[in-house]
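K.L.:
The sequence and its predicted three-dimensional model are supplied below.
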Amino acid sequence: MAELIDFSQQSFWICALSIVFNPLFWNIAARQEYHNKVITKLFGGNSLYGCYALAATIFLLGVLRDSLFTTALLNQPIHPLLTSPLIAPVAVALFSSGTILVLSSMWALGLTGTYLGDYFGILMDAKVTSFPFNITDAPMYIGSTMNFLGTALWYGRPAGLLLTGLVYLCYKVALTFEDPFTGEIYAKRERERGKKTS
Ligand SMILES: *[C@@H]1O[C@H](CO)[C@@H](O)[C@H](O)[C@H]1NC(C)=O
């Protein structure tokens, strides 16, 4: 039987590390900002600049992770089942819809809304419920996972499917930390608004 995944490839593990590192990094950075204003202080007290800098860092880490993913896949065995002509259109459909979900969420949330502005005290006026947030609560994460899956299928690499599973798991864990935390940030604002009007 042909080997499914070549675990002896260093590029596989470097990619896995990058997949785990990214959400860990932005959660730790954002909480440090929220509790100690670490990033705002780095930018001379300007939280908007701090948020832009974090946005650029997260974006570049994402680009790096995507390129490590492609490199890892190219060093992995291809599975014959994944070279079926039916796979390519599925891969393209996943990648296109994933990209639509990611870009439309960024459009709906804006730059600071996308990149953890809430932790900097830059809050949205109201919860966004328009597309794609009427489909799922986490369109950015779902879309990104779909992009990984589409890429793995496109290259026909089972290793890519496993790494996509890791992406999904990391986002799932990240959400269990992020959702209650941002929920509390907005609940706090509502309590403060209540105080002002009463
Ligand atoms: C979400 O919003 C879009 C655009 O307004 C709309 O076309 C779509 O039908 C909505 N989907 C659901 C599930 O409500």
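P.N.:
All right, it came through fine. Numbers count the residues shown, from 1 in each chain.
K.L.:
So for the residue nearest to Y186 when sequence neighbours are not counted, what pLDDT did the model give?
P.N.:
Excluding its sequence neighbours, the residue lying closest to Y186 (Cβ to Cβ, 6 or more residues apart in numbering) is L123, at 6.8 Å. To be clear about C-beta, it is placed using only N, CA and C from the backbone, and glycine gets the same treatment. If you check L123, the pLDDT there is 93.
K.L.:
L123 and the ligand: what is the separation?
P.N.:
In this view, L123 and the ligand are 24 Å apart by Cβ to the nearest ligand atom, to the nearest Å.
K.L.:
Please apply the same query to A55.
P.N.:
Taking Cβ to the nearest ligand atom, one finds A55 at 26 Å from the ligand.
K.L.:
Tell me the buried residues in the helix or strand hosting that residue?
P.N.:
Under the criterion DSSP states H and E, the helix or strand holding A55 is helix 47-74. Neighbour-count burial for helix 47-74 flags 47, 50-52, 54-55, 58, 61, 65-66, 68-69, 72-73 (criterion: 16 or more other Cβ atoms under 10 Å).
K.L.:
Then stretch 169-187?
P.N.:
Going by neighbour count (16+ other Cβ under 10 Å), the buried part of stretch 169-187 is 170-171, 174, 178, 182.
K.L.:
Same check on stretch 4-17?
P.N.:
5, 9, 11-12, 15-16.
K.L.:
Among those, which ones are in helices?
P.N.:
Among these, DSSP state H puts 11-12, 15-16 in helices.
K.L.:
now, among these, which is nearest to F131?
P.N.:
The nearest member of these to F131, counting by Cβ to Cβ, is C15 at 31.4 Å.
K.L.:
OK, contacts around that closest one?
P.N.:
65, 68-69, 71-72, 163 (Cβ atoms under 8 Å, 6 or more residues apart in numbering).
K.L.:
Tabulate these (TSV), appending distance to the ligand and pLDDT.
P.N.:
Below are the contacts of C15 laid out as TSV (distance: Cβ to the nearest ligand atom, whole Å; pLDDT from 0 to 100):
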residue	distance to the ligand	pLDDT
R65	29	98
L68	34	98
F69	30	98
T71	37	98
A72	35	98
L163	30	98
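K.L.:
secondary structure element for the spatially most central residue of the chain?
P.N.:
Residue closest to the average C-alpha location in the chain (Cα atoms, centre = their mean): Y141, at 5.1 Å. Using DSSP H and E, Y141 sits within helix 139-155.
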